[in-house]
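A.B. asks: I would like the atomic coordinates for the input below:
(one chain, ligands or ions: 1)
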Amino acid sequence: MPVYIVQSGDTINTIAIRFGISAQDLIAVNQISNPDLLTIGTPLRIPGYEGISGTLKLTVAPLGATLRTISRQYQVDENTIVRLNQLTSPSQIYVGSTLILPEKEQAVDPKPIAILGEGETSLETAARSYSNPWKLVLQNRKESTALFLSGELIFSDAPQQSGGLFGSPLIQNIEITPLPLRQGKTHLIRVLTSTPLNLSGTLNNLPLSFFQEADNQYIAIQGIHAMAQPGLALLTLQAQADDQSSFAFEQPILLEPGYYPQDVPLAVDPATLDPAITQPEDELIRTITKPATPQRYWTEKFRVPVDEPCIRSWFGSRRSYNNSGYKYFHTGVDYGVCANNLNIYAPAPGRVVYVGELTVRGISTIIDHGWGIYSGFWHQSSTKVNVGDFVETGQIIGEIGGTGRATGPHLHWEVWANGVQVEPLDWLEKVYP
Ligand SMILES: [Zn+2]
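C.D. replies: Sure thing, here's the model as predicted:
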């Protein structure tokens, strides 16, 4: 009987649902006396999976994954993967989905070595990758060398020579973190290459902005819109080298909802909802926050932009203004007035690119932090900086107020990641990239 190790956040019911068994059976088989006291790290025997043994691990399907590549990489037959994950179709494996897999027992981890070329036989691939063709048959769970298909990934425990998971000598690796994608989150797309490349691409139909982090290492920082349609989002990449050799890639990735709550319906001045006012103002903000400045000005976590961070309203919550229905969302985080001053501080170094008074946002300031990252500060009573100023972390940039569409004095702070508003609190917790 396979064993599952209890993870943080698990309950008897979530484990039973994950494996498609009844909670009663799970409790009985493991002789659990108090199902409400489940300790992280406890091994639980999972009934109903005859023929499968070992410890079951949760793995997030990486870029490039299909049922076949996972079967080969983890040396688990496709049937076992289908049974354990209750898949009804191999196409249910999406990049970013969580899979249950038995832990590998062998010491050597077979690596993807190449994609079988058009008209190429597995013997030629073996020769190209310095592998034994019959060993390839075994490690790829085939019965004959004739069963390899053009375009298939070939796995081997032989040292990797060229090609890699993405089948191009130009590309060493492509990584996207965190997985799955989630509404309102900041995601990183990192590309390791074997030669300097010109990279472009899209995520969920938005153009990516790539910057060089180190030699042959590129990064794009991209927000996922807080109201993006959950389901599958497409990642596309194109690369071109100086010698005109090129690479193209695309793959759908799971996009999960952010589970944002609904705020109580709000009543505001109807003028602040009039499209004749809101649309040009939104367009102005979008235009200002669009350029991805090639220089990165920040190197640390962002600091809280006020002295007493009492949050009055969270990022992402769904909003209804004057009975509009929940078609709006809160684009930043609201800090109330809780300190004995009204200071607003720059959360990170950057260039001031906008200062002005707007109908909806009131007295507003926008700072460009570089690499497509911007901070916006709305509803101020006054501002202490001018367009063109370079500000350092902690520098006073303005005072909290209640100008524009505000129900009381507060600071609305928002962060843009390559044209999309994202959860600002993530930037206080983690150094990006
Ligand atoms: Zn707000």
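
A.B. asks: For the longest helix along the chain, which residues meet the burial criterion?
C.D. replies: As assigned by DSSP state H, the longest helix anywhere in the chain is helix 275-288. Neighbour-count burial for helix 275-288, counted by 16 or more other Cβ atoms under 10 Å, picks out 278, 281, 284-285, 288. Where C-beta positions appear, they are placed from N, C-alpha and C, glycine not excepted.

A.B. asks: Same list, those, but as CSV with distance to residue 304 and pLDDT please.
C.D. replies: Listed next are the buried residues of helix 275-288 as CSV, based on distance: Cβ to Cβ, whole Å; pLDDT from 0 to 100:
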residue, distance to residue 304, pLDDT
278, 29, 94
281, 26, 97
284, 27, 98
285, 22, 98
288, 23, 98
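
A.B. asks: Could you dump the residues you listed into JSON lines and include distance to residue 26?
C.D. replies: What follows is the buried residues of helix 275-288, written out as JSON lines (distance: Cβ to Cβ, whole Å):
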{"residue": "278", "distance to residue 26": "53"}
{"residue": "281", "distance to residue 26": "55"}
{"residue": "284", "distance to residue 26": "57"}
{"residue": "285", "distance to residue 26": "52"}
{"residue": "288", "distance to residue 26": "55"}
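
A.B. asks: For the ion, give me its nearest residue in the stretch 201-350 of the chain.
C.D. replies: residue 334 (4.1 Å; Cβ to the ion).

A.B. asks: Make sure that residue is actually in contact with residue 412.
C.D. replies: Yes - applying Cβ atoms under 8 Å, one finds residue 334 in contact with residue 412, separated by 5.3 Å.

A.B. asks: So for the two, which residue has more residues nearby?
C.D. replies: More neighbours surround residue 412 than the other of residue 334 and residue 412, with 25 against 20 (other Cβ atoms under 10 Å).

A.B. asks: Do I have it right that residue 328 meets residue 322?
C.D. replies: No - using Cβ under 8 Å, residue 328 makes no contact with residue 322, being 10.7 Å away.

A.B. asks: Between the two, tell me which one has more neighbours.
C.D. replies: residue 328 (16 against 12).

A.B. asks: Would you map the strands across the stretch 51-200 of the chain?
C.D. replies: 55-60, 98-102, 111-115, 153-156, 171-177, 181-182, 186-193, 197-203 (DSSP state E, counting those that start in this stretch).

A.B. asks: Tell me which of the ones you listed is the most buried.
C.D. replies: When neighbours are counted by mean count of other Cβ atoms under 10 Å, the highest per-stretch mean among those falls to strand 153-156, a mean of 24.

A.B. asks: Which one, of the strands of the stretch 51-200 of the chain, ends up nearest to the ion?
C.D. replies: Comparing the strands of the stretch 51-200 of the chain by Cβ to the ion, strand 186-193 comes nearest, at 18.7 Å.

A.B. asks: tell me what the closest one is packed against?
C.D. replies: Contacts defined by 3 or more Cβ pairs under 8 Å, 6 or more residues apart in numbering; DSSP states H and E place strand 186-193 against strand 171-177, strand 197-203, strand 210-214, strand 217-223, strand 231-241.

A.B. asks: Just name whatever secondary elements the fourth one is in contact with.
C.D. replies: If I follow you right, that is strand 217-223. So strand 217-223, by 3+ Cβ pairs under 8 Å, 6+ apart, packs with strand 186-193, strand 197-203, strand 210-214, strand 411-417.

A.B. asks: Quick one: name the residues of the chain near the ion.
C.D. replies: Where the chain comes near the ion, counting by Cβ under 5 Å from the ion, the residues are 334, 412.

A.B. asks: Now do the domain split for the chain, please.
C.D. replies: 3-102, 111-156, 171-256, 270-429 (automatic domain parsing).

A.B. asks: in the chain, which spans are helices?
C.D. replies: Shown for the chain, the helices assigned by DSSP H span residues 12-19, 23-29, 67-74, 78-84, 122-128, 133-139, 275-288, 426-429.

A.B. asks: Out of those helices, which one sits most buried?
C.D. replies: helix 67-74 comes out most buried of the helices of the chain by mean count of other Cβ under 10 Å, with a mean of 20.

A.B. asks: Now do it against strand 55-60, angle only.
C.D. replies: 130 degrees (axes from the mean of the first three to the mean of the last three Cα atoms, to 10 degrees).

A.B. asks: Quick one: the strands in the stretch 251-400 of the chain, in order.
C.D. replies: Remark: strands assigned in the stretch 251-400 of the chain by DSSP E, counting those that start in this stretch are 311-313, 318-319, 328-329, 333-335, 343-345, 350-358, 362-370, 373-383, 390-391, 396-400.

A.B. asks: Adjacent strands (with direction) for the third one?
C.D. replies: Based on DSSP bridges, the pairing partners of strand 328-329 within the sheet are strand 318-319 (antiparallel).

A.B. asks: quick one: the residue of the chain found nearest the ion and residue 230, what's the gap?
C.D. replies: Closest residue of the chain to the ion, Cβ to the ion: residue 412 (3.3 Å). For residue 412, the distance to residue 230 equals 26 Å [Cβ to Cβ, to the nearest Å].

A.B. asks: ditto for residue 257
C.D. replies: From residue 257 to residue 230 the distance is 5 Å (Cβ to Cβ).

A.B. asks: Give me the common contacts of these two.
C.D. replies: residue 183 (Cβ atoms under 8 Å, 6 or more residues apart in numbering).

A.B. asks: end-to-end on stretch 46-60?
C.D. replies: 20 Å (Cα to Cα, to the nearest Å).

A.B. asks: can you count the residues close to the residue nearest to residue 414 when sequence neighbours are not counted?
C.D. replies: In space, and not counting its chain neighbours, residue 414 is closest to residue 332: 3.1 Å by Cβ to Cβ, 6 or more residues apart in numbering. Neighbour count of residue 332, defined by other Cβ under 10 Å: 23.

A.B. asks: list the contacts for residue 332?
C.D. replies: The contact partners of residue 332, by Cβ under 8 Å, 6+ apart, come to 315, 376, 378, 412-415, 421, 424.

A.B. asks: Tabulate those (JSON lines), appending pLDDT.
C.D. replies: Shown next, in JSON lines, are those (pLDDT from 0 to 100):
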{"residue": "315", "pLDDT": "98"}
{"residue": "376", "pLDDT": "98"}
{"residue": "378", "pLDDT": "98"}
{"residue": "412", "pLDDT": "98"}
{"residue": "413", "pLDDT": "98"}
{"residue": "414", "pLDDT": "98"}
{"residue": "415", "pLDDT": "98"}
{"residue": "421", "pLDDT": "98"}
{"residue": "424", "pLDDT": "98"}
